[in-house]
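> let me see the structure of the following:
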Amino acid sequence: MGMSHGISGCEAVADGRQFLLQEKGYIYTQKHEGWYSVADEAFYPQSAVQPYLDPPTGRKIMVRCRRKDHTQEADSHQTSIETGSEVEWSSEENYHFRLSAFRDELLELYKYQPEWITPASRMKDVVQAVENGLEDLSISRPTERLSWGIRVPGDDTQTIYVWLDALMNYVTKAGYPWTPGHEQAGGWPADCHVIGKDIVRFHCIYWPAFLMALGLPLPRKILTHAHWTLGGSKMSKSTGRVVDPFLALERFGPDVMRCFLAHDGGLQDDANYDNSRIIALYNKLLNQALGNLASRVTRGKKWSVRGAVERIGPWKAEEWTEGSGSRFYNNTLLTMPAIIAASLDEYDVRSALKHIAVFVRGVSPHLYPTSWFASC
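Numbering: from 1, shown residues only. Coordinates of the predicted model:
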């Protein structure tokens, strides 16, 4: 959508946001010094970086550390790195957002909505980070250092910091600024905002602060998930340690891949991508357990679904109280929907699928004696 003065739609929206934030006194200019990561396009406080000895070169550099309680062991070339990105000391004149002004409001949010961030361990990390104090946030970079991107409205010497612009795109995609009376027409606020664990700080501290400053509603929940590794190490395009998803889909099919990703992927801990694991899960769970169960139910030689219903249907409830089948029906079959629903309500697809897998393996012994079921 074009504007009458030749400003693009994105620039027009950025102009409006910047104006509102400046009018409310949340933006000011100041010299900014700190550790900057070119790869992450982010400044990090001193508490979030640590020295690291690069094994191939022997060069000592500063890198972003994952947790303050994690330590590195330079002698064995081990360190706790989340992004693995190098940082450099930078000093420049930038526009700043008064993030520190929202410390109390953010802590109040976390206090009265303790499940706003899931899992609980990451909520704890966020609360601790905010309690330790918030520095005001640099929201622009000199144009000579960051030529691409949207210029700061009224100041062509500065480019808007990527995270301010990127985060606000969530609401602009939902139609912001909204026509009065149509604030929720685009689907905002989100019921559940899903992010990776490496961008928690941006989405759970900066993002709600931006929304609070503009008087906009927050997402109702932030769901953070762990990462997939390959060979036990983090995937990386630069090192070629990646998986071709299209090749995986062509080889295994979408249903098998969905099952693997849901069964092994997680919210709390990283999961390792392994083709042999996919094959084992397919053979043991989908083919042997579920496939054979479906075959026995629908194509059984000694019984049929119709015959079983016609034979057992007339029985009174008290006649179902004896035997292993009755115990399985009352203790497992009737309780399983609520158990699975509870896992899904907590956005834990992995837990839900594992309950289903246990259930599937538990059904077959009530049809025919078997000994080949093995857990995956």
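
> check which helix or strand T29 maps to.
Element membership for T29, per DSSP states H and E: strand 27-37.

> now the helices for the stretch 51-200 of the chain?
Chain-ordered helices for the stretch 51-200 of the chain, with DSSP state H, counting those that start in this stretch as the definition, fall at 103-112, 120-131, 162-173, 200-201.

> next SSE downstream of the last one?
Think helix 200-201. Downstream of helix 200-201, the next assigned helix or strand under DSSP H and E is helix 207-214.

> now the angle between strand 27-37 and that next one, please.
Per axes from the mean of the first three to the mean of the last three C-alpha atoms, to 10 degrees, the angle that helix 207-214 makes with strand 27-37 is 170 degrees.

> average pLDDT across helix 207-214?
When pLDDT is averaged along helix 207-214, the result is 94.

> what is it packed up against?
Packing contacts for helix 207-214, counted by 3 or more C-beta pairs under 8 Å, 6 or more residues apart in numbering; DSSP states H and E, involve helix 9-23, strand 81-97, helix 103-112, helix 162-173. In this view, the C-beta of every residue, glycine as well, is placed from N, C-alpha and C.

> pLDDT on the helix or strand that it is followed by, on average?
The element immediately downstream of helix 207-214 (helix or strand, assigned by DSSP H and E) is strand 222-225. If you average the pLDDT over strand 222-225, you get 96.

> for stretch 170-189, same thing?
Here the average pLDDT along stretch 170-189 is 88.

> burial of P177, as a residue count?
Residues near P177, counting by other C-beta atoms under 10 Å, number 15.

> circling back to that earlier point, okay if I get the helices and strands packed on helix 207-214 as a markdown table plus distance to S326?
Shown next, in a markdown table, are the helices and strands packed on helix 207-214 (distance: least, C-beta to C-beta, whole Å):
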| stretch | distance to S326 |
| --- | --- |
| helix 9-23 | 63 |
| strand 81-97 | 52 |
| helix 103-112 | 46 |
| helix 162-173 | 52 |
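
> and of the ones you listed, who's closest to R296?
Nearest of the helices and strands packed on helix 207-214 to R296, taken as C-beta to C-beta: strand 81-97 at 47.6 Å.

> which residues of the stretch 1-150 of the chain score low on pLDDT?
Applying pLDDT under 70 to the stretch 1-150 of the chain flags residues 1-19, 40-41, 52-84.

> can we see that at 90?
Counting by pLDDT under 90, the stretch 1-150 of the chain shows low-confidence ranges at 1-27, 29-95, 135, 137-150.

> show me the helices in the stretch 251-376 of the chain, by range?
254-264, 275-281, 292-299, 305-312, 324-328, 336-345, 349-363.

> for these, which one sits closest to A209?
helix 336-345 (28.2 Å).

> which ones are touching the closest residue to F210 other than its chain neighbours?
With C-beta to C-beta, 6 or more residues apart in numbering as the criterion, F210 has its nearest non-adjacent residue at 6.1 Å, and that residue is L167. With contact taken as C-beta atoms under 8 Å, 6 or more residues apart in numbering, L167 is in contact with 202-203, 206-207, 210.

> going by neighbour count, which of the residues you listed comes out on top?
Neighbour counts for the contacts of L167 (other C-beta under 10 Å) peak at F210, which has 25 neighbours.

> how far does stretch 93-104 stretch from start to finish?
27 Å (C-alpha to C-alpha, to the nearest Å).

> on that earlier part again, a markdown table for the contacts of L167, including distance to A352?
Output for these, formatted as a markdown table (distance: C-beta to C-beta, whole Å):
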| residue | distance to A352 |
| --- | --- |
| F202 | 29 |
| H203 | 24 |
| Y206 | 32 |
| W207 | 28 |
| F210 | 33 |
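
> just give me the closest of those to D345.
Set against D345, the nearest of the contacts of L167 by C-beta to C-beta is H203 (21.6 Å).
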